[in-house]
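# Pasting the sequence and the predicted coordinates here, then a few questions.
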Amino acid sequence: MSKEQISEAFLAAAPKRNREWQESGDLAVILIPKFGNHFFGKWLITKMKSPNFRLKLDEVGSFVWKHCDGSTTVKDIGQGLAAEFGEKVDPVYDRLNLFFASLNKNKSITWV
């Protein structure tokens with residue numbers, strides 16, 4: 001899918017982080033609760049040593065995650081990725097589409 005085939009609405013959207021996260025060196029680690037927000041899950045989490053799954057992102061994913069601030073658009077993130085990583089991320093908007101679909105599916109981002 002070329003940039004021309006990506007919808008203008010997608011390029012103009014601004015993803016916003018919806019999960020707690022940590023930095024591990026230059027990389028991002030997303031913390032995803034193991035049991036969600038229902039009553040039994042909240043109780044069970046208090047009994048566990050580690051209440052979260054830790055989703056470790058690579059350098060490209062970490063770059064994107066750190067720019068999901070609710071004000072930076074997908075187009076801007078794509079341009080930054082291309083400038084930072086060059087051909088390694090081609091085709092950049094296809095990669096972003098798949099990455100954001102995955103983050104959206106597990107409720108790690110919202111859209112502004």
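That came through, no problem. Numbers count the residues shown, from 1 in each chain.
# Please make it C-alpha for all contacts and neighbour counts, starting now.
OK.
# ok, the most centrally placed residue in the chain - contacts?
With the centre of the chain defined as its mean C-alpha position, the nearest residue by Cα atoms, centre = their mean is Trp65, 4.5 Å away. Contacts for Trp65 (Cα atoms under 8 Å, 6 or more residues apart in numbering) come out as Arg17, Ala28.
# repeat for the one 3 residues further on
For Cys68, the set of contacting residues under the criterion of Cα under 8 Å, 6+ apart consists of Ala14, Pro15, Lys16, Arg17, Ile109.
# Next one: the last one from Gly86, what distance?
Read it as Ile109. Separation of Ile109 from Gly86 (Cα to Cα, to the nearest Å): 25 Å.
# Name the residue in those two with the higher neighbour count.
Each of Ile109 and Gly86 has its neighbours counted (other Cα atoms under 10 Å); Ile109 has more, 22 against 12.
# Where does pLDDT dip in the chain?
1-5, 36-49 (pLDDT under 70).
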